[in-house]
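Colleague: Next one to model:
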Amino acid sequence: MNLSVYLITLNEENRLENTLKAAAKVADEIVVVDSGSTDKTVEIAKKYKARIFYHEWKSYCDQKSFAEKKCSSDWVLSLDADEVLSDELIAEIKQIKKNPAADAYKIKICNMFPGDKKPRVFAQSFNAVRLYNRHGAYMPPDLWNKDRVKVRNPKSVSQLKNKIYHYCFLSLEQATAKYNLHSSELVHTVVAEKRTFSRLRLYTEFPRQFLHYYFLKRYFLLGTQGFIQAMVLAHFRFLKIAKWFEYQALHKK
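Modeller: Residues are numbered from 1 along each chain as shown. Model (predicted):
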């Protein structure tokens, strides 16, 4: 089978090179959808002979859906610009390309701290459908900001053994800027879902989320970086709630 790898970008010159270098080992085609980069992102994408498109940002899902539709192959692999396929996963995908046994595959995405070459023993990860046949799954073009692919037949989903490395944390400046923007986007998702938050939630969100990440998610096992990450994520969760209250105040009418 042929495989199209698609991803979305905005000022990703610091991470895109490693992402595309690994992706090129499994891709028959690379599709990059940019939303207005002013750095060397597009130049780097051209280096890997990617098909590059511009699309104004509306939401994560909308951007991903646009990129998916630009792919030439039925089989696609969705990546973010800060995600790198591990060598083991590259080998696993190459085997699947010879004879796919499912319509869609979940892949574990493992968070990496600055300087990490391999995931830490207790590194946080999440599992999502990323490799799929477009006849059996698709990215919905809605205004939600969630990493989700809709699968038409859940029984046709298999799990891959190996991981994507997620270099989401380059520096505190980058992380806080990213989460500040993402918390604003999530407010629109919350409004679209018609969800609400209590005032008690506003006052307790930060300490509750810090305890959640630091102890329940075992970030305390990751040393100083784990403490920093737990604080940053707790602040991100608090911002989402606080911005929702701000939205309600500004849209009372």
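
Colleague: C-alpha from now on. contacts and neighbour counts both.
Modeller: Will do.

Colleague: any idea where the strands of the stretch 1-150 of the chain begin and end?
Modeller: 3-9, 29-34, 51-54, 75-80, 83-85, 104-111, 125-133, 137-138, 150-151 (DSSP state E, counting those that start in this stretch).

Colleague: can you put those in a markdown table and add mean neighbour count, mean pLDDT and distance to Phe215?
Modeller: Output for the strands of the stretch 1-150 of the chain, formatted as a markdown table (neighbours: other Cα atoms under 10 Å; pLDDT from 0 to 100; distance: least, Cα to Cα, whole Å):
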| stretch | mean neighbour count | mean pLDDT | distance to Phe215 |
| --- | --- | --- | --- |
| strand 3-9 | 24 | 98 | 33 |
| strand 29-34 | 24 | 98 | 38 |
| strand 51-54 | 16 | 98 | 42 |
| strand 75-80 | 22 | 98 | 28 |
| strand 83-85 | 25 | 97 | 26 |
| strand 104-111 | 22 | 96 | 17 |
| strand 125-133 | 18 | 96 | 15 |
| strand 137-138 | 22 | 97 | 36 |
| strand 150-151 | 16 | 96 | 32 |
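
Colleague: Of all those strands, which one comes closest to Gly226?
Modeller: Nearest to Gly226, of all these, is strand 104-111, at 11.2 Å by Cα to Cα.

Colleague: helices and strands around that closest one, which ones?
Modeller: Other helices and strands packing on strand 104-111, by 3 or more Cα pairs under 8 Å, 6 or more residues apart in numbering; DSSP states H and E, are strand 125-133, strand 157-166.

Colleague: still on that earlier bit, kindly reformat the strands of the stretch 1-150 of the chain as CSV containing distance to Ile44.
Modeller: Below are the strands of the stretch 1-150 of the chain laid out as CSV (distance: least, Cα to Cα, whole Å):
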stretch, distance to Ile44
strand 3-9, 11
strand 29-34, 11
strand 51-54, 11
strand 75-80, 15
strand 83-85, 15
strand 104-111, 23
strand 125-133, 23
strand 137-138, 27
strand 150-151, 30
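
Colleague: And the ones you listed: which comes nearest Asn180?
Modeller: Of all these, strand 3-9 comes closest under Cα to Cα, at 17.4 Å.

Colleague: Compute the inter-axis angle for the closest one and strand 29-34.
Modeller: 10 degrees (axes from the mean of the first three to the mean of the last three Cα atoms, to 10 degrees).

Colleague: ok now strand 3-9, how far from the chain's centre?
Modeller: Distance of strand 3-9 from the chain centroid (Cα atoms, centre = their mean, to the nearest Å) equals 12 Å.

Colleague: one step back: compile the helices and strands packed on strand 104-111 into JSON lines and extend it with columns for distance to Phe238.
Modeller: Below are the helices and strands packed on strand 104-111 laid out as JSON lines (distance: least, Cα to Cα, whole Å):
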{"stretch": "strand 125-133", "distance to Phe238": "21"}
{"stretch": "strand 157-166", "distance to Phe238": "23"}
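
Colleague: closest to Tyr214 out of those strands?
Modeller: So among these, strand 125-133 is nearest, using Cα to Cα, at 14.5 Å.

Colleague: Show me how the protein divides into domains.
Modeller: Following automatic domain parsing, one finds the domains of the chain at 3-166, 172-250.

Colleague: most tightly surrounded among these?
Modeller: domain 3-166 (a mean of 18; mean count of other Cα atoms under 10 Å).

Colleague: ends of that one, how far apart?
Modeller: 21 Å (Cα to Cα, to the nearest Å).

Colleague: again, but for stretch 93-110
Modeller: End to end - Cα to Cα - stretch 93-110 spans 17 Å.
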